[in-house]
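Colleague: From the sequence below, what's the structure:
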Amino acid sequence: MFKKCFVVLLFLLVSVNSWAETTVTFAVDPTFPPMEFEDSDKAITGFSIDFIKAVGKNAGFTPVFVKVPWKDIFTGLETGKYDAICSSVSVTPKRIKKMDFSLPYFHVRQAILVPHDSNVRTIEDLAGKDVGCKGATTGFKAAKKAKGLKVKSYDTFDGAMTAMSAGIVSAVILDGPIAAYYASNDYKDSAKMAGLVPNNNYIEFYSVVVKKGNMETLTLINSGIAAVIENGTNDTLQQKWIPRFQWKK
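Modeller: Below you'll find the model as predicted:
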């Protein structure tokens with residue numbers, strides 16, 4: 001009897017240790033404040049980092065974050081350099097064909113940032129003007145779809161913002177939470193929010209991305225996301241990280 005109980009206990013200990021040691025590696029481009037960015041010590045922080053840590057705690061895995069430039073982030077997933085991407089990735093029909101997405105965890109709109117002295121209020125006001133965007137983002141795609149805009153692509157949002165400060169572009173189109181953060185923090189002395197880009201009934205969400213067919217990792221992440229949304233942690237983190245901006249009509 002003692003021997004049988006010992007074997008059962010040993011099995012449980014091994015199972016618990018295996019559970020505790022489960023890790024999932026996430027690629028992050030830390031140039032999306034307040035979602036993902038580097039603090040003064042160059043540590044990756046932000047809403048998404050806290051969110052995934054909470055997801056891991058609820059799903060039973062330890063997240064490991066690796067810094068990857070946006071231009072390489074999807075290729076690295078395909079070649080197996082990491083298990084998933086959590087870097088303000090919006091779900092799009094084109095991406096769904098190539099990758100698998102988790103449950104959505106953040107609703108995002110595209111926004112317009114302009115200099116303080118600008119009279120631009122809507123995307124229609126930007127017709128014939130140069131507009132900066134981070135390349136290969138949904139903001140870039142929204143700008144390209146708009147009529148009459150001269151869209152310039154930059155490697156980072158900061159690059160686009162620097163161009164606007166220098167008068168090279170008249171506006172920057174980017175994700176709403178990042179625009180609100182810039183207008184409230186990094187560029188509060190030079191930029192303001194003009195408004196939102198019409199979404200034409202399209203609802204844009206951020207989700208975690210895994211390689212097509214990696215259902216084991218996706219199921220694990222989804223279980224944690226569902227728990228974090230259900231227990232209110234997601235709302236708490238949004239209140240902590242996402243700037244509240246009063247839109248000017």
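Colleague: burial of the residue lying closest to residue 51 once chain neighbours are set aside, as a residue count?
Modeller: Leaving aside its sequence neighbours, residue 51 sits nearest to residue 237 (C-beta to C-beta, 6 or more residues apart in numbering; 5.6 Å). Where you see a C-beta, it was placed from the backbone N, CA and C, and this is true even at glycine. Residue 237 has 21 neighbours, counted by other C-beta atoms under 10 Å.
Colleague: Run through the residues that contact residue 237.
Modeller: 47, 50, 51, 54 (C-beta atoms under 8 Å, 6 or more residues apart in numbering).
Colleague: need the residues you listed in CSV with secondary structure and pLDDT, can you?
Modeller: As requested, the contacts of residue 237 are arranged in CSV below (DSSP: H, G, I helix; E, B strand; the rest coil; pLDDT from 0 to 100):
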residue, secondary structure, pLDDT
47, helix, 97
50, helix, 98
51, helix, 98
54, helix, 98
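Colleague: So which of those residues wins on neighbours?
Modeller: With neighbours taken as other C-beta under 10 Å, the top of the contacts of residue 237 is residue 51, carrying 27 neighbours.
Colleague: how close does that one sit to residue 187?
Modeller: Here the criterion is C-beta to C-beta, to the nearest Å. By it, residue 51 lies 25 Å from residue 187.
Colleague: Same check on residue 119?
Modeller: 18 Å.
Colleague: just residue 79 next, same as before
Modeller: 36 Å.
Colleague: same question, residue 206
Modeller: Counting by C-beta to C-beta - residue 206 and residue 187 are separated by 22 Å.
Colleague: more neighbours, those two?
Modeller: A direct count of neighbours by other C-beta under 10 Å for residue 206 and residue 187 places residue 206 higher, at 25 against 21.
Colleague: For residue 38, see how far away the closest residue to the more buried one other than its chain neighbours is.
Modeller: Closest residue to residue 206 apart from its sequence neighbours, by C-beta to C-beta, 6+ apart: residue 106 at 4.2 Å. Residue 106 is 20 Å from residue 38, where distance means C-beta to C-beta.
Colleague: Same check on residue 158?
Modeller: In terms of C-beta to C-beta, residue 158 sits 12 Å off from residue 38.
Colleague: ditto for residue 231
Modeller: Taken as C-beta to C-beta, the span from residue 231 to residue 38 is 29 Å.
Colleague: Check residue 108 too.
Modeller: Counting by C-beta to C-beta - residue 108 and residue 38 are separated by 21 Å.
Colleague: out of the two, which sits in the more crowded spot?
Modeller: residue 108 (20 against 15).
Colleague: Can you pull the phi/psi pair for the more buried one?
Modeller: phi -130, psi 150 (degrees, to the nearest 10).
Colleague: Show the pLDDT at it.
Modeller: With respect to pLDDT, residue 108 scores 92.
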